[in-house]
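>>> This is a predicted model, with the sequence first.
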Amino acid sequence: QVQLVESGGGLVQAGDSLRLSCAVSARTFSSYDMGWFRQAPGKEYEFVATINWAGGATYYADSVKGRFTISRDNAKNMLYLQMNSLTPEDTAVYYCARGRQASSWPQAKYNGYDYWGQGTQVTVSS
């Protein structure tokens, strides 16, 4: 069974940075594209970023492009999201997710991912 566990969330001020981590318990981690989504209160899941299986390709939502960086360490089964210049609009629960096999690239749709973590809260105060 695949398990994803996010960490690194917290309460920060506008302009601050945070680094989210996602530990994945699967020997096949390096075979899958991975992604980050977020959900703000009362809103639907929003795509944030995705990275391909090798880490050589990334894709971002326009809302975070230039501020957020997705990365992965396949040797450690870890996925990361470096978030800089945070704004109150970035406040949400952040989820990491594993892309479905044979899914198209880049995959920005919720149903393109099959395993999800429990989420980590990021709150940005103004």
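In hand now; what should we look at?
>>> and the gap between the nearest residue to residue 50 once chain neighbours are set aside and residue 111?
Spatial nearest neighbour of residue 50, excluding adjacent residues (C-beta to C-beta, 6 or more residues apart in numbering): residue 35 at 4.0 Å. Where you see a C-beta, it was placed from the backbone N, CA and C, and this is true even at glycine. Separation of residue 35 from residue 111 (C-beta to C-beta, to the nearest Å): 12 Å.
>>> Can you show me the strands along the chain?
For the chain, the strands defined by DSSP state E cover 4-7, 10-13, 18-24, 34-39, 46-51, 58-60, 68-73, 78-83, 92-99, 113-116, 120-125.
>>> list the buried ones in the shortest one?
Meaning strand 58-60. For strand 58-60, burial by neighbour count (16 or more other C-beta atoms under 10 Å) applies to 59, 60.
>>> which residue is nearest the middle of this structure?
Centre of the chain computed as the mean C-alpha position; nearest residue by C-alpha atoms, centre = their mean is residue 36, 2.1 Å away.
>>> one step back: right, and the strands of the chain - which one's nearest residue 106?
Closest to residue 106 of these is strand 58-60 (C-beta to C-beta; 3.5 Å).
>>> Format the strands of the chain as TSV; extra columns: mean pLDDT and distance to residue 106.
Output for the strands of the chain, formatted as TSV (pLDDT from 0 to 100; distance: least, C-beta to C-beta, whole Å):
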stretch	mean pLDDT	distance to residue 106
strand 4-7	98	19
strand 10-13	98	28
strand 18-24	98	18
strand 34-39	98	9
strand 46-51	98	5
strand 58-60	98	4
strand 68-73	98	11
strand 78-83	98	15
strand 92-99	98	9
strand 113-116	96	12
strand 120-125	98	22
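>>> how about those in CSV, adding distance to residue 105?
Shown next, in CSV, are these (distance: least, C-beta to C-beta, whole Å):
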stretch, distance to residue 105
strand 4-7, 20
strand 10-13, 31
strand 18-24, 19
strand 34-39, 11
strand 46-51, 8
strand 58-60, 8
strand 68-73, 14
strand 78-83, 16
strand 92-99, 9
strand 113-116, 13
strand 120-125, 26
